[in-house]
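Chemist: Next come a sequence and a model predicted from it.
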Amino acid sequence: TQYSFKEVFGTLVVQKELFDVVAKPLVEDLIHGKNGLLFTYGVTGSGKTHTMTGSPGDGGLLPRCLDMIFNSIGPFQAKRFVFKLDDKNGVDVQCEVDALLERQKRDAMPVPKTPSGKRQIDPEIADMINVQDHCKVEEVDEDNVYSVFVSYIEIYNNYIYDLLEEVPFEPIKPKWNSCNTPVRNGDFIPPQSKILREDQNHNMYVTGCTEVEVKSTEEAFEVFWRGQKKRRIANTQLNRESSRSHSVFIIKLAQAPLDADGDNVLQEKEQITLSQLSLVDLAGSERTNRTKAEGNRLREAGNINQSLMTLRTCIEVLRENQMYGTNKMVPYRDSKLTHLFKNYFDGEGKVRMIVCVNPKAEDYEESLQVMRFAEMTQEVEVARPVDRPLCGLTPGRRFRNQAFREELSRKLEMRGGPINGETEEQSVSETFLQNFPPLPACELLDVNDDQTLPKLIEVLEKRHKLRQMLSEEFAKNVLAFKTMLQEFDSSVVSKENYIKGRLSEKEKTIAGQKTELERLEKKIKTLEYKIEILEKTATIYEEDKRNLQQELESQSQKLQRQASDKRRLEARFQGVVAETTMKWEKECERRVAAKQLEMQNKLWVKDEKLKQLKAIVTEPKNEKPERPSREKDREKPVQRSVSPSPVPNAPPVRLRHRRSRSAGERWVDHKPPSNLPTETVMQPHVPHAITVAAASEKALAKCDKYMLTHQELASDGEIETKLIKGDVFKTRGGGQAVQFTDIETLKQESPTGRKRRSSPSNPDPPEDAADSEWTDVETRCSVAVEMRAGSALGPGYQHHAQPK
């Protein structure tokens, strides 16, 4: 059996090669704001969990995905609690102050903190996440900030459980009451199943699921490992650690652009992009007669197989809808697994499936079913809508802001820092004060000094006047500046109004163009879908055309063979018809010649009889009549073949002993009306006989013996009577048949007749004695007998009966 897949990996493939081909494109789409879904599918014990998590020293797809994500967004991560997930599958953005308060509140809480990168990693998982490849996405938007949130759930017996939920799980220790009887520990709370809901964008999510913000590969994988320890596994006949549930590890990436300054996150919820990558480790399909499951294991296997069958049914209905253009309802709600990922199958992201195959002979039938389903899923194509919000800010602002601050700090250092600025301000004020008149000496050494104070008053008055002049000039300048500002403001307002009008027009144009673009894109998608359907239909028609051409060629070859066979049969039949025609023409000529000769012989016999009678009457007795010479009699007799028997299939006559007639036998005495009375002394008499003129079925049914009275003219001219006897038998068809057994002959002779002589002893008579032979009665009689045709029971016998 052959199956075709996009990529096939051998048994010696390394995890890095598998990651580069399968998971790396999904991580790139995640960072670019698109969703992704990765399945591992196969029979139990085929290596699905190993493919997903890996082994010590060689990490699987999950740790490599985490490592690639943090290698790509490492320098652009936002601080904790800048992005905050709500309980409706959405995300909000907080300012730095609110995020700082959240961090302080979290640090003050006594709950155990999520592991940080500075803590020592669990040695059990240290080898799995020690990936040395340093794989990263090349094109990352540097003007965005990113945050990663992870959650881990399992689908067990068609119920959803949160593997990261912190429940006070304590061993059940019995407590003793006053009656010395143990009571159950009330502190133990079993895990509660979660329910699925639909958000405002029609995406499915798990309500109340724990989502942890992580900042490094180690922190994320340690969260995963904490949930992995709670996952349900069991020991079965086929796998020592068989997964009894479908596990789903969800990586959510929130990203938002920076503001125009490139310092803080833009506080607009519409600009936030939330993408997610779901890594699903499906439980293996299994047959209970092989796993020998009982009790809970049997129930788990039934639910596992049921969910996988629902997944297969959904894929088949999607494939049928796309191939034949039908609109059948896809049964997503029949299983929590398909209901959770409904949006992926409807086109909200890229779906990849890894089929794990175990080469064991015992898994042959299950592996065929798995590969048949996986091959069918390749034919399902879903639309890929891409809708990212447009920011409208200048790209590269983060690095330009950093470069500006670095350049500013460098220049300040060159000028001596902020002190230089204060010195400049002081020097400007000193320069301004130097324009005033200098103050005279203000020392009063004498009480009667009348010059110092008047000079000081004069200088102060000059300064006061100068100050008033400067104040008036400053007021004028201020007024002029205000006027200029008002004019500038009015011009700015008018320009802003103009720009707003133009901008609204442009926005309307852009909106119209965007609507037209969406319409054209939808039309393009519709036309592409129709083209695909037409191509598939054309392929089907071409295949039908080839089949019909082949069938037409085979039919034409068959018709040619039949025509050639028909021509051969026609030629053969023509030959047979020609041969048969020639044969029957010869037979007809022979029969006509025989009949003519017979009629001539009859005429000759009658002539001879008349001559003999005339000779008896007119001539003396010692004279012998002579045969008249005729030319035809001298000719050599024509050789004739014996005519075929008229009854070729008559049953052979069985030899029977002569029996005397008993009193119980009844006879049918058949006397044709053409018979003449002989007036002889000896007359045939049969007692209890039914005398008939023609044989009838009614008379034959009543009797068991049959006798036919037949008269003919003997060679000497006397009447010869023959009694032909036979037995009557019943046939299978309900009729009667007569089997002739005996012939009795009654004959009259004239005492005056000539003595008949026997045939001559000399076989070679002379030619001159030929005429004398014809006068011999025996010779004439033998010739007459030989010339009769159509006799089956002896010379001179004709059957006048009508057998059933």
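Modeler: Received, thanks.

Chemist: check contacts around the nearest residue to residue 375 once chain neighbours are set aside.
Modeler: In space, residue 375 comes closest to residue 3 once its chain neighbours are excluded; the distance is 4.8 Å by C-beta to C-beta, 6 or more residues apart in numbering. The C-beta positions use only the backbone N, C-alpha and C, and glycine is treated the same way. Residues near residue 3 by C-beta atoms under 8 Å, 6 or more residues apart in numbering: 371-372, 374-375.

Chemist: Can you tell me which of the residues you listed is nearest residue 81?
Modeler: Distances from residue 81 to those, taken as C-beta to C-beta, are shortest for residue 374 (42.3 Å).

Chemist: quick check, the closest one in a helix?
Modeler: Yes. Counting by DSSP: H, G, I helix; E, B strand; the rest coil, residue 374 is part of a helix.

Chemist: give the contact list for the closest residue to it other than its chain neighbours.
Modeler: The shortest distance from residue 374 to any non-neighbouring residue, by C-beta to C-beta, 6+ apart, is to residue 355 (4.3 Å). For residue 355, the contact set (C-beta under 8 Å, 6+ apart) comprises 5, 41-42, 370-371, 374.

Chemist: now do residue 261
Modeler: Neighbour list for residue 261: 397, 401 [criterion: C-beta under 8 Å, 6+ apart].

Chemist: my guess is it is in a helix, correct?
Modeler: No. Looking at residue 261 with three-state DSSP, it is coil, so not inside a helix.

Chemist: can you pull the pLDDT of it?
Modeler: Looking at residue 261, its pLDDT is 74.

Chemist: That one and residue 143, how far apart?
Modeler: 11 Å (C-beta to C-beta, to the nearest Å).

Chemist: For PyMOL, write the selection for the buried entries among the contacts of residue 355.
Modeler: Of the contacts of residue 355, the buried ones can be selected in PyMOL as follows, counting by 16 or more other C-beta atoms under 10 Å:
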select buried, resi 41+42+370+371+374
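
Chemist: Of the contacts of residue 355, which belong to helices?
Modeler: 370-371, 374 (DSSP state H).

Chemist: Just the CA coordinates for the helix or strand that contains residue 343, please, in CSV.
Modeler: Secondary structure assigned from DSSP states H and E places residue 343 in helix 342-345. Output in CSV follows, covering the C-alpha atoms of helix 342-345 (Å, rounded to 0.1, in the frame of the first residue of the first chain):
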residue,chain,number,x,y,z
LYS,A,342,-13.0,24.8,15.4
ASN,A,343,-11.6,28.1,14.3
TYR,A,344,-8.4,26.5,12.9
PHE,A,345,-10.4,24.3,10.6
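
Chemist: thinking again about what came up before, which members of the contacts of residue 3 are the farthest-apart pair?
Modeler: Longest span within these, C-beta to C-beta: 372 and 374, 7.5 Å.

Chemist: Domain ranges for the protein, per the record?
Modeler: Per the TED database, the structural domains of the chain span 15-106+120-168+191-292+348-378, 691-744.

Chemist: Which stretch among those domains is buried most, on average?
Modeler: domain 15-106+120-168+191-292+348-378 (a mean of 18; mean count of other C-beta atoms under 10 Å).

Chemist: Looks to me like residue 679 is in a strand.
Modeler: No. Counting by three-state DSSP, residue 679 is located in no strand; its state is coil.

Chemist: ok so, going back, any chance of a markdown table for the domains of the chain, columns distance to residue 481?
Modeler: As requested, the domains of the chain are exported to a markdown table (distance: least, C-beta to C-beta, whole Å):
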| stretch | distance to residue 481 |
| --- | --- |
| domain 15-106+120-168+191-292+348-378 | 29 |
| domain 691-744 | 144 |
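
Chemist: what's the closest of those to residue 331?
Modeler: domain 15-106+120-168+191-292+348-378 (13.9 Å).

Chemist: now the end-to-end length of that closest one.
Modeler: Start-to-end span of domain 15-106+120-168+191-292+348-378 (C-alpha to C-alpha, to the nearest Å) is 23 Å.

Chemist: Now residue 334. Nearest residue, chain neighbours left out?
Modeler: Going by C-beta to C-beta, 6+ apart, residue 334 has residue 310 as its nearest residue, at 4.5 Å.

Chemist: The one you found: neighbouring residues, count only.
Modeler: Residue 310: 20 surrounding residues under other C-beta atoms under 10 Å.

Chemist: now do the one 3 residues further on
Modeler: If you count neighbours by other C-beta under 10 Å, residue 313 ends up with 16.

Chemist: Isn't it up against residue 332?
Modeler: No. With contacts counted by C-beta atoms under 8 Å, residue 313 stays clear of residue 332, the gap being 9.9 Å.
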